[in-house]
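[1] How does the following fold in three dimensions:
(one chain, ligands or ions: 2)
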Amino acid sequence: MTDSNCIFCKIANGEIPSRTLYEDESFRVILDISPASKGHAIILAKKHAENIYSLSEADAGKIYLVAKKVATAMQNVLKCDGMNILQNNGEAAGQTVFHLHMHLIPRYKDDKVQIKWTPGTEAEALSQELMEEIQKSIKE
Ligand code: 5GP
Ligand code: ZN
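    Ligands and ions are numbered 1, 2, ... in the order given. You can find the predicted model right below:
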């Protein structure tokens, strides 16, 4: 359930103190140690899962409810102009801590946060064959 070598397991379960905005039986929401913007918070699952692929369905079903609750309170208090909610899976996607977490990044007009991509071309288009393979691979 928890991994003794994982820092986010220790923080999520209270073994390491953290600046906590919210906690329930499944999640702890803490302030990020290197915030991208004022109020940047991360939602940590209390049960260790490295990424979305191994996250339990129960936690997957609950995490967005926590995001909504905390993001709404942050918006009310911080009066931020926007909010990015994102979650990185794998090194190639920018994941640096391999315990699932979801970022809540308040955005302010003219801030310096960069979450951008360049819209692609035909070369990046997914073939019909691969699209159908993904459709078949989705398990109910
Ligand atoms: P990732 O890049 O894996 O999506 O995000 C990891 C995040 O965790 C980063 O934003 C980083 O600043 C934050 N972080 C890493 N170690 C700690 C820590 O010990 N405490 C807190 N509060 N945040 C951490
Ligand atoms: Zn962990």
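
[2] dump the residue contacts of residue 1.
    Applying Cβ atoms under 8 Å, 6 or more residues apart in numbering, one finds that residue 1 lies in contact with 47, 48. The way it works is simple: take the backbone N, C-alpha and C, and place the C-beta from them, glycine included.

[3] Run a quick neighbour tally on residue 16.
    Neighbour count of residue 16, defined by other Cβ atoms under 10 Å: 11.

[4] can you pull the pLDDT of residue 140?
    At residue 140, the predicted lDDT confidence score is 64.

[5] In which helix or strand does the residue sitting nearest the centre point of the chain reside?
    Per Cα atoms, centre = their mean, the C-alpha nearest to the average position across the chain is that of residue 102, at 1.4 Å. Secondary structure assignment for residue 102, by DSSP states H and E: strand 101-107.

[6] Which elements pack onto that strand?
    Here strand 101-107 touches strand 41-45, helix 57-78, strand 82-86, going by 3 or more Cβ pairs under 8 Å, 6 or more residues apart in numbering; DSSP states H and E.

[7] partners of the first one in the sheet?
    Meaning strand 41-45. strand 27-31 (antiparallel), strand 101-107 (antiparallel) (DSSP bridges).

[8] from the chain's centre, how far out does the last one sit?
    By that I understand strand 101-107. 7 Å (Cα atoms, centre = their mean, to the nearest Å).

[9] what element comes up after it heading to the C-terminus?
    Using DSSP H and E, the first helix or strand after strand 101-107 is helix 128-137.
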